[in-house]
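Novice: Task: produce atomic coordinates for the following.
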Amino acid sequence: MAHDLVVPADFYISPSEAARLLNLSVREIHLLQVKGKLKDVITTPGNHRRYNMREVLGLQGEVKGDTVNG
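Specialist: Sure thing, here's the model as predicted:
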């Protein structure tokens with residue numbers, strides 16, 4: 001039975017949570033941001049990055065294996 005996950009548009013997650021969802025390292029998550037593949041990024045008052053979960057989930061089928069070179 002398939003379930004569709006409904007994520008609010010303003011739901012942001014930490015780099016480590018994004019890395020876990022995409023099976024990547026935190027460094028690779030940062031490189032995806034630098035390359036423009038993750039654009040909806042906010043910075044907390046403590047200067048920590050947060051990534052939009054919808055955008056991260058949208059990359060699930062796209063980033064496999066050779067993420068940083070593509």
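
Novice: Test my guess that Arg50 contacts Asp40.
Specialist: No. Here Arg50 lies out of contact with Asp40, judged by CB atoms under 8 Å, at a distance of 9.4 Å. Where you see a C-beta, it was placed from the backbone N, CA and C, and this is true even at glycine.

Novice: give the contact list for the spatially most central residue of the chain.
Specialist: In the chain, the centroid-proximal residue (CA atoms, centre = their mean) is Val56; its distance is 3.4 Å. Contacts for Val56 (CB atoms under 8 Å, 6 or more residues apart in numbering) come out as Ile13, Ala18, Leu21, Leu22, Leu38.

Novice: From these, which land in helices?
Specialist: Mapping the contacts of Val56 onto helices (DSSP state H) picks out Ala18, Leu21, Leu22.

Novice: Turn those residues into JSON lines, including distance to Val7 and pLDDT.
Specialist: Below are the ones in helices among the contacts of Val56 laid out as JSON lines (distance: CB to CB, whole Å; pLDDT from 0 to 100):
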{"residue": "Ala18", "distance to Val7": "13", "pLDDT": "97"}
{"residue": "Leu21", "distance to Val7": "11", "pLDDT": "94"}
{"residue": "Leu22", "distance to Val7": "15", "pLDDT": "96"}
